[in-house]
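Participant: Let's see this in three dimensions:
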Amino acid sequence: MGGCKDENTQKNTVSPENRPKKDSVAIIEETIPTKEEEKKDTFRLTEENAIEFFFKYNKTLTENKVKLTTRFGDITIQLYDNVPYHKANFIYLTKKGYFNNTYFHRIVKNFIIQGGNADNKETAQKRGDIGRYLLPPDTRKGHRHHRGTVSMPSSEINNPHKLASPFEFFIVVTDPGSYHLDGGYTPFGKVIEGMDVVDQINRQPVDNGDWPMPNITIQKAEVIK
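Facilitator: Below you'll find the predicted structure:
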């Protein structure tokens, strides 16, 4: 993907994207489940059922906060109520335990930290169990990419309409914000506690592909009151 630049720095010329490390779950998740595996599972999200599912699921929710635990400390995110599909998706994945033991797998200095991916079989298995689907963008609710905004990257595969990759998210580090992302990505929450943790993660060393060295694990993600 191209076209999105961080106008505040020269380095940040790459947009938030679903761009996993080689041999990571984006490759592993292509595996088609066997008939035996399909029988064991009673429900998987698909392109056909995801929107209806999250529309109904959102109506049952009374919580709108998620806490992420890392070795650097906790990050508390408040989700926007008027971005229902993305809010419901994030809470659903959290309650399913998806984000546990995934990584903040991409760091672009003074721009973003991106999480929700991992190069381990556990994450690939969880994605397979939950299903394969994308979410439509929802960019006209008045939310901008201020510092601390939590937003959803687009899938990079056959995706002219910038449908969102549901398993990943990014947090804006730029001060006061990265407003060139507005209109292209869907903000669905904001950090209300732990921006010092976000900043500390953003300062960690990375390899040539922006992958942190060593891995930065989301040890636990939990919905809180």
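
Participant: Report the residue spans of the protein with pLDDT below the cut-off.
Facilitator: 1-15, 17-41, 156-160 (pLDDT under 70).

Participant: ok but Ile201 is inside a strand, no?
Facilitator: No. Counting by DSSP: H, G, I helix; E, B strand; the rest coil, Ile201 falls outside a strand, being helix.

Participant: what number of residues lie near the residue lying closest to it once chain neighbours are set aside?
Facilitator: Distances taken as Cβ to Cβ, 6 or more residues apart in numbering put Ile113 closest to Ile201, at 5.1 Å, once the chain neighbours are dropped. Any C-beta I mention is one placed from the backbone N, CA and C, and that applies to glycine too. Ile113: 27 surrounding residues under other Cβ atoms under 10 Å.

Participant: For the strand or helix carrying Ile113, name the packing helices and strands.
Facilitator: Ile113 belongs to strand 112-117 when elements are defined using DSSP states H and E. With contacts taken as 3 or more Cβ pairs under 8 Å, 6 or more residues apart in numbering; DSSP states H and E, strand 112-117 sits against strand 102-108, strand 169-172, helix 195-202.

Participant: Other residues contacting it?
Facilitator: If you take Cβ atoms under 8 Å, 6 or more residues apart in numbering as the criterion, strand 112-117 is touched by 16, 18, 20-21, 24-26, 68, 98-99, 102-107, 123, 153, 167-174, 178, 198, 201-202, 218.

Participant: Which strands border it, and is each parallel or antiparallel?
Facilitator: Using DSSP bridges, strand 112-117 pairs in its sheet with strand 102-108 (antiparallel), strand 169-172 (antiparallel).

Participant: Using PDB, list the CA coordinates for that strand.
Facilitator: The C-alpha atoms that make up strand 112-117 are tabulated as PDB, following Å, rounded to 0.1, in the frame of the first residue of the first chain:
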ATOM      1  CA  ILE A 112       2.200   4.500  15.300                       C
ATOM      2  CA  ILE A 113       2.500   1.200  17.100                       C
ATOM      3  CA  GLN A 114       0.500  -1.700  15.500                       C
ATOM      4  CA  GLY A 115      -0.800  -4.800  17.300                       C
ATOM      5  CA  GLY A 116      -2.800  -8.000  16.900                       C
ATOM      6  CA  ASN A 117      -0.400 -10.100  14.800                       C
END
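
Participant: Kindly calculate the angle that that strand makes with helix 195-202.
Facilitator: Strand 112-117 runs at 80 degrees relative to helix 195-202, counting by axes from the mean of the first three to the mean of the last three Cα atoms, to 10 degrees.

Participant: quick one: strand 112-117 to chain centroid distance?
Facilitator: 6 Å (Cα atoms, centre = their mean, to the nearest Å).

Participant: quick one: whichever helix or strand comes after that strand to strand 102-108, angle?
Facilitator: Where DSSP H and E defines the elements, the next helix or strand beyond strand 112-117 is helix 121-130. Here helix 121-130 points in a direction 100 degrees away from that of strand 102-108 (the same axes, to 10 degrees).

Participant: Please enumerate residues in contact with the following helix or strand past helix 121-130?
Facilitator: As assigned by DSSP H and E, the chain's next helix or strand after helix 121-130 is strand 149-152. By Cβ under 8 Å, 6+ apart, the surrounding residues in contact with strand 149-152 are 16, 77, 79, 86, 135, 143, 145, 164-166, 168-172, 177, 181, 185-191.

Participant: now the closest residue to Leu181 other than its chain neighbours: how far from Pro187?
Facilitator: Leaving aside its sequence neighbours, Leu181 sits nearest to His145 (Cβ to Cβ, 6+ apart; 4.3 Å). Using Cβ to Cβ, to the nearest Å, His145 is found at 6 Å from Pro187.
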